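1. give me a 3D structure for the following:
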Amino acid sequence: MIPASVGFQCPECVTQAARDTPVIRTRFGVRGPTAQYVTTGVLIAINAAIFALVFFTGRGGSPWFFRLALSPIGSCVPAAQAGRYWAGFTAAQCAGKSGAIWFAGVDGGAWWQLMTSAFLHVDPLHIAMNMLALWFLGPPVEQAIGRGRFIALYLVAALGGSVAVFCCSVPASSTLGASGAIFGLMGALLVFVLKAKGNLQQILIWVGLNLVLTFTMPHISWQGHVGGLLTGGAVAALFAYAPKSQRNLWHWAGVAGIAVLMIGLAFARTLTLT
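-> Presented below is the predicted three-dimensional model:
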């Protein structure tokens with residue numbers, strides 16, 4: 001017998017009750033997570049672990065910084081001057097520099113940078129602000145679409161922000177931070193509130209304020225922010241407006257299609273850089 005709130009129940013009765021209990025689904029037809037802060041907490045932990053790795057191995061001069069940050073054409077780094085690099089150098093030019101170390105960029109085959117750069121921070125204030133935003137934005141988005149779709153949206157938004165940086169920023173640059181994924185969550189919330197016919201005023205003010213800061217503050221990658229916002233919004237629209245028939249197929253095929261499109265744009269950009 002199995003203890004219950006009142007008396008005991010037989011195992012068969014508990015099993016049958018579980019079968020008869022309706023599954024609670026969100027507005028978008030998916031099961032809501034039972035612990036909505038778990039996935040957000042794991043993402044924050046990954047960001048914190050990578051931050052610690054880079055921070056305690058030299059911050060901006062760490063070799064891990066140059067391996068993980070998004071660099072379109074690569075970086076030629078003087079070994080004796082931490083945190084500096086020769087902008088615009090090719091691998092061949094770097095080889096002619098005494099004491100120089102070459103770190104390949106996306107154009108040179110370091111494709112992982114399109115994703116790892118979205119988990120990389122070197123400044124404590126930078127990671128604190130991004131993780132605070134993730135802590136507030138992540139759970140409501142996950143609650144709406146479920147854990148698997150939330151992870152997919154976060155990663156594809158991060159990829160979209162990185163691809164926008166790769167395609168539109170100065171080739172001799174390095175970009176890092178989770179802001180593209182964070183803006184993707186903002187775009188998703190905007191779409192979900194619109195779908196639910198809720199009050200858009202608060203989220204519009206939030207998105208608008210962040211866009212103003214994006215284009216007015218120095219050292220901020222507008223490409224990553226706008227790319228993440230548009231990509232996250234596109235994935236969220238796919239989740240929100242997909243037809244109910246074969247909804248899972250529409251969701252996952254659409255996510256795969258958007259990811260393939262982003263990779264295709266990045267590949268096309270490598271051809272122009274070459």
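2. pretty sure Arg149 contacts Phe239?
-> Yes: when contacts are counted by CB atoms under 8 Å, Arg149 is listed as touching Phe239 (6.0 Å). Placement of C-beta: from N, CA and C, glycine included.
3. quick one: contacts for Thr116?
-> Ile50, Arg67, Leu68 (CB atoms under 8 Å, 6 or more residues apart in numbering).
4. export the helix or strand encompassing it as PDB, just CAs?
-> Element membership for Thr116, per DSSP states H and E: helix 113-116. What follows is helix 113-116, C-alpha atoms only, in PDB (Å, rounded to 0.1, in the frame of the first residue of the first chain):
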ATOM      1  CA  GLN A 113      33.400  30.700 -31.400                       C
ATOM      2  CA  LEU A 114      29.900  31.400 -32.800                       C
ATOM      3  CA  MET A 115      28.500  29.600 -29.700                       C
ATOM      4  CA  THR A 116      31.300  29.800 -27.100                       C
END
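5. give me phi/psi at Trp102?
-> phi -100, psi 130 (degrees, to the nearest 10).
6. what distance do you get for it to Phe65?
-> The gap separating Trp102 from Phe65 is 14 Å, by CB to CB, to the nearest Å.
7. which of the two has more neighbours?
-> Legend: neighbour count by other CB atoms under 10 Å for Trp102 and Phe65, higher for Phe65 (25 against 19).
8. what about that one, which SS state?
-> Phe65 carries the three-state label helix when classified by DSSP: H, G, I helix; E, B strand; the rest coil.
9. quick one: which helix or strand includes the nearest residue to it once chain neighbours are set aside?
-> Computed as CB to CB, 6 or more residues apart in numbering, the closest residue to Phe65 that is not its neighbour in sequence is Val54, at 5.3 Å. Here Val54 sits within helix 37-55, counting by DSSP H and E.
10. sketch out the low-pLDDT regions of the chain for me.
-> 1-8, 14-34, 80-83, 274 (pLDDT under 70).
11. buried ones in the helix ranked longest in it?
-> The longest helix of the chain (DSSP state H) is helix 247-273. Using 16 or more other CB atoms under 10 Å as the test for burial, helix 247-273 gives Trp250, His251, Gly254, Val255, Ile258, Ala259, Met262, Ala266, Arg269, Thr270.
12. any chance of a markdown table for the residues you listed, columns distance to Ile220?
-> A markdown table is the format used below for these (distance: CB to CB, whole Å):
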| residue | distance to Ile220 |
| --- | --- |
| Trp250 | 35 |
| His251 | 32 |
| Gly254 | 30 |
| Val255 | 28 |
| Ile258 | 25 |
| Ala259 | 25 |
| Met262 | 21 |
| Ala266 | 21 |
| Arg269 | 21 |
| Thr270 | 25 |
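13. circling back: can you tell me which of the contacts of Thr116 are buried?
-> Buried by 16+ other CB under 10 Å: Ile50, Arg67, Leu68, out of the contacts of Thr116.
14. can you redo those as TSV with distance to Leu209?
-> Below are the buried ones among the contacts of Thr116 laid out as TSV (distance: CB to CB, whole Å):
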residue	distance to Leu209
Ile50	28
Arg67	34
Leu68	29
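15. and these, which is closest to Cys94?
-> Closest to Cys94 out of these is Arg67 (15.2 Å), distances taken as CB to CB.
16. show me the contacts for the closest residue to the closest one other than its chain neighbours.
-> If the residues on either side of it in the chain are set aside, Arg67 comes closest to Phe103, at 6.2 Å by CB to CB, 6+ apart. Applying CB under 8 Å, 6+ apart to Phe103 gives the contacts Pro63, Phe66, Arg67, Ser71, Gly74, Ser75, Cys76, Val77, Ala110.
17. which of the residues you listed lies closest to Met217?
-> Nearest member of the contacts of Phe103 to Met217, counting by CB to CB, is Ser71, at 22.1 Å.
18. for that closest one, phi and psi?
-> Torsion angles, degrees, to the nearest 10, at Ser71: phi -120, psi 110.
19. that one contacts Ser173, correct?
-> Yes: with contacts counted by CB under 8 Å, Ser71 reaches Ser173, the gap being 7.2 Å.
20. neighbour-wise, which of those two wins?
-> Ranked by neighbour count (other CB under 10 Å), Ser71 and Ser173 place Ser71 first, with 27 against 17.
21. and the more buried one, what does it touch?
-> Phe103, Gly105, Val106, Ala110, Gln113, Ser173, Ser174, Thr175.
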